[in-house]
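[1] Pasted the sequence and its predicted model underneath.
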Amino acid sequence: MSLSDCHLVELQRITDDRGTLGVAEVGRHVPFVVRRAFWLVDVPRDRSRGAHAHRTLEEFVVALAGSVEVTVDDGRERATYRLAQGSPGLYVPAMIWVEMRSFSPGAVLMVLCSAPYDEADYLRDRAAYLRAQGLA
């Protein structure tokens, strides 16, 4: 995979006098069957999360509240997206290095995953990731 495979996806928003309903549908917005979901809360602004890639797992990242910067990197190119409540979701395919930082106070970041947790799928060492990408 390359950085060009990462992309923002506009999510459906339905707003009326009762508020806004956000929608992310499998097959329409999320390009895989969701097998796991997790969310990050109470992350201090000066801390980061992620700093890894997955061998096979795909992710779809959505800011449910507040904002966060998500940097994606394929070993050759890098891009940073600022996700904020109401913004598009970010699709991250397998073999893309991901780092999340600059969480605003009260930020809630939800990650939808294509597979259950499997430690063997993680590449947590940057040098090992670059070797797996054929770049080192």
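    Received it, and whenever you're ready, just let me know what you need.
[2] for this structure, what spans make up the strands?
    Using DSSP state E, the strands of the chain run over residues 7-9, 12-16, 19-23, 36-41, 49-54, 59-65, 67-73, 78-84, 89-92, 97-101, 108-113, 122-123.
[3] Nearest to the spatial middle of the protein, which residue is it?
    Closest residue to the average C-alpha location of the chain: residue 61 at 3.4 Å, with Cα atoms, centre = their mean.
[4] for that one, what are its contacts?
    Residue 61 makes contact with 70, 83, 89-90, 92, 98, 100, 109-112, according to Cβ atoms under 8 Å, 6 or more residues apart in numbering. In short, each C-beta sits where N, CA and C put it, glycine included.
[5] Pull the number of nearby residues for the closest residue to residue 5 other than its chain neighbours.
    Ranked by Cβ to Cβ, 6 or more residues apart in numbering and with sequence neighbours excluded, the top spatial neighbour of residue 5 is residue 93, at 4.6 Å. By other Cβ atoms under 10 Å, 21 other residues sit near residue 93.
[6] Per-residue pLDDT of residue 93, please?
    Note on residue 93: pLDDT of 98.
[7] In contact with it, which residues?
    Applying Cβ under 8 Å, 6+ apart to residue 93 gives the contacts 1, 5-6, 58.
[8] and if we set it to 10 Å?
    Residues near residue 93 by Cβ atoms under 10 Å, 6 or more residues apart in numbering: 1-3, 5-7, 31-32, 54, 56-59, 72, 74, 114.
[9] Just name the closest of those residues to residue 122, please.
    residue 54 (6.4 Å; Cβ to Cβ).
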